[in-house]
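Novice: sequence unavailable; structure follows:
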Ligand code: AQP
């Protein structure tokens, strides 16, 4: 067995992933691959907490897998799999739900935000989804979960549930730590820099999709909401400019403050047009490679099948342990 620490993370195929998912999650995973033992999941079961069109969900799942590999997640180094292929995630989730308080779930900001949008037809999975996320993580004895800022609260719940189970029964789950990147942890909407960039945003100009063409990216960046200060500063008073500086600094590998210095005495027009170019060129290789993988469905099938097999081996051992501890009779094969 490897003595490397374990990483688990996932993205929902709930649409076409954005620059936020890329900078806040995916691009960091790639950097962690050699140092850790990694499980990278496509969390399709999370995606159905909001209504999905089946054809689109299928397409988005395979596209997300293609984007994982195109971004540099290497199937030889990381276990890449689709959540619904490993049933232990849902099985453990049921056990953990029996130990989760309604009040805890009601306090989750993401639930509050999404339920506010959902009107009266809310489904119960939207409410319990953080427990499924805890199962995803705890099944693999995860040490570290690389996520954007928005997921910190959910991770806190995973830690609480792990501790609760360990206290009630005996030491079973490892208590996972959150890992948030220094830059890119919270990429904001281009149209409203007070809210995070989201793939389900109704306003397409608010987000950049990883599959957007260079022309579309350039148009969206040029339309990005800024302010009337007129000077390129890295400041909380100028959230639109700050967001673009943060995004570009991640691609350029310089600090956002240093990047701002390049634009002293220059206007927003020049800054935005450079920013558009930096983002378009930064995403181009991922888009082109992802398109190639999408044309090789046999290869994708091989990756997700091998991934599910490896993941299930680990997950089934943990689930058996849990079932035994809570008093379920072990199943005997005859
Ligand atoms: N704007 C963001 N900035 C930084 N990181 C982000 N992440 C998402 N948005 C940003 C990170 O991406 C990973 C996967 O997220 P997810 O798809 O599982 O769910 P999400 O956080 O709900 O992402 P979206 O795009 O907002 O999806 P929808 O619109 O479907 O709800 C996580 O690590 C997350 O932190």
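Specialist: Okay, I see it. Given the structure is predicted, the values throughout are model-derived calculations rather than measurements. Numbers count the residues shown, from 1 in each chain.
Novice: looking at the protein, which helix is longest?
Specialist: In the chain, taking DSSP state H as the definition, the longest helix is helix 297-326.
Novice: tell me which other helices or strands that one touches.
Specialist: Where contact means 3 or more CB pairs under 8 Å, 6 or more residues apart in numbering; DSSP states H and E, helix 297-326 is packed against strand 37-42, helix 54-71, strand 78-82, helix 88-97, helix 268-294. Glycine gets a C-beta too; all of them are placed from N, C-alpha and C.
Novice: mind listing what's buried in the helix or strand of the chain with the lowest mean pLDDT?
Specialist: For the chain, counting by mean pLDDT, DSSP states H and E, helix 109-118 ranks last in confidence among helices and strands (a mean of 81). Across helix 109-118, burial judged by 16 or more other CB atoms under 10 Å covers 111, 114.
Novice: cool, and stretch 307-318?
Specialist: Across stretch 307-318, burial judged by 16+ other CB under 10 Å covers 307, 308, 311, 312, 314, 315, 318.
Novice: end-to-end on stretch 31-50?
Specialist: Stretch 31-50 stretches 31 Å from its first residue to its last (CA to CA, to the nearest Å).
Novice: contacts only, for the closest residue to the ligand within the chain.
Specialist: Of all residues in the chain, the one sitting closest to the ligand is residue 24 (1.9 Å; CB to the nearest ligand atom). Counting by CB atoms under 8 Å, 6 or more residues apart in numbering, residue 24 touches 147, 148, 149, 150, 181, 184, 185, 186, 187.
Novice: PyMOL command to pick out the buried ones of those?
Specialist: Selecting the buried subset of the contacts of residue 24 in PyMOL, with 16+ other CB under 10 Å as the burial test, is done by:
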select buried, resi 147+148+150+181+184+185+186+187
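Novice: could I get the contacts of residue 24 as TSV with pLDDT, distance to the ligand and secondary structure?
Specialist: Output for the contacts of residue 24, formatted as TSV (pLDDT from 0 to 100; distance: CB to the nearest ligand atom, whole Å; DSSP: H, G, I helix; E, B strand; the rest coil):
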residue	pLDDT	distance to the ligand	secondary structure
147	84	4	coil
148	77	2	coil
149	80	7	helix
150	81	5	helix
181	74	8	coil
184	64	6	coil
185	75	6	coil
186	87	5	coil
187	94	4	coil
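Novice: residue 159: which of the contacts of residue 24 is nearest?
Specialist: Nearest to residue 159 among these is residue 147, at 12.9 Å by CB to CB.
Novice: what about residue 123, how many neighbours?
Specialist: When neighbours are defined as other CB atoms under 10 Å, residue 123 has 14 of them.
Novice: then residue 299?
Specialist: Look at residue 299: counted by other CB under 10 Å, it has 14 neighbours.
Novice: pretty sure it contacts residue 292?
Specialist: No: counting by CB atoms under 8 Å, residue 299 does not reach residue 292; the two are 9.7 Å apart.
Novice: hmm, back to that, now, of the helices and strands packed on helix 297-326, which is deepest in the fold?
Specialist: Most buried of the helices and strands packed on helix 297-326, by mean neighbour count (mean count of other CB atoms under 10 Å): strand 37-42, with a mean of 25.
Novice: would you tell me whether it gets close to the ligand?
Specialist: No: shown here: strand 37-42 not in contact with the ligand (CB under 6 Å from any ligand atom), separated by at least 9.7 Å.
Novice: thinking again about what came up before, tell me which of the helices and strands packed on helix 297-326 lies nearest to residue 169.
Specialist: Judged by CB to CB, the one of those that comes nearest to residue 169 is helix 88-97, at 10.5 Å.
Novice: circling back to that earlier point, out of the buried residues of stretch 307-318, which two sit at the greatest distance?
Specialist: 307 and 318 (16.9 Å).
Novice: look at residue 234 and give its secondary structure.
Specialist: Reduced to three states with DSSP: H, G, I helix; E, B strand; the rest coil, the structure at residue 234 is coil.
Novice: where does it land on pLDDT?
Specialist: pLDDT for residue 234: 95.
Novice: near it, how many other residues are there?
Specialist: If we define neighbours as other CB under 10 Å, then residue 234 has 17 of them.
Novice: that one contacts residue 242, doesn't it?
Specialist: Yes: between residue 234 and residue 242 there is a contact under CB under 8 Å: 5.9 Å.
Novice: need the residues touching each of those two.
Specialist: Joint contacts of residue 234 and residue 242 (CB under 8 Å, 6+ apart) are residue 256.
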